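Participant: Build the 3D model from these lines:
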Amino acid sequence: MAVFVGTYTPKLDDKGRLFLPAKFRDQLEEGLMVTRGQERCLTVYSLAQFEVLTAKLREASLTNKATRSYVRMLSSGAFDQTPDKQGRIGIAPLLREYAGLRKDVVVIGALDRVEIWDPANWETYLQSEEEQFADLSDEILPGV
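Facilitator: Residues are numbered from 1 along each chain as shown. Below you'll find the predicted structure:
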């Protein structure tokens, strides 16, 4: 399974295309899925990881309102892409609007996925979460 790490600052071109960071290209060259993420970012999954996610969602109870809402938000904003020879992918206008993306963007590796952020939103998120980061390790990974 792919592992994505690091922070990059590419730009969107005039056609809404994004150059994927070189470190991510090999892991995404067979195709990917771009969709809405949490906190107004976009999430990029390899096709294999998106299949894992959708398999889990198929097992979830659709009688649960939260499950239905999550599936709707995730799938209605999902666009499959295959990077071109230069490593570019198109970001749909719907998704650019959702995440507030203009020309400058921040692309981060988030282990099993890639996230695309508006720079101001990313900075705000970092500032709000940084203080809690140290405290979270005991909650998420006790003893680490």
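
Participant: Geometric centre of the protein: which residue is closest?
Facilitator: residue 43 (1.6 Å; C-alpha atoms, centre = their mean).

Participant: For my notes, confirm that residue occurs in a helix.
Facilitator: No - using DSSP: H, G, I helix; E, B strand; the rest coil, the assignment for residue 43 is strand, not a helix.

Participant: so how far is the lowest-mean-pLDDT helix or strand in the chain from its chain's centroid?
Facilitator: When each helix and strand of the chain is scored by mean pLDDT, DSSP states H and E, helix 119-140 comes last, with a mean of 87. Centroid displacement of helix 119-140 relative to its chain, using C-alpha atoms, centre = their mean, to the nearest Å, is 17 Å.

Participant: out of everything not next to it in sequence, what's closest to residue 17?
Facilitator: Distance criterion C-beta to C-beta, 6 or more residues apart in numbering; nearest residue to residue 17, sequence neighbours excluded, is residue 88 at 4.5 Å. Quick note: C-beta positions are derived from backbone N, CA and C, even for glycine.

Participant: what about the helices in the protein?
Facilitator: 22-28, 47-59, 65-76, 93-99, 119-140 (DSSP state H).

Participant: for those, which one sits closest to residue 1?
Facilitator: Proximity to residue 1 (C-beta to C-beta) singles out helix 47-59 among the helices of the chain, at 6.8 Å.

Participant: what's in contact with the closest one?
Facilitator: Helix 47-59 is contacted from outside by 1-2, 30-33, 45, 67, 70-71, 74, 78, 80, 112-113, using C-beta atoms under 8 Å, 6 or more residues apart in numbering.
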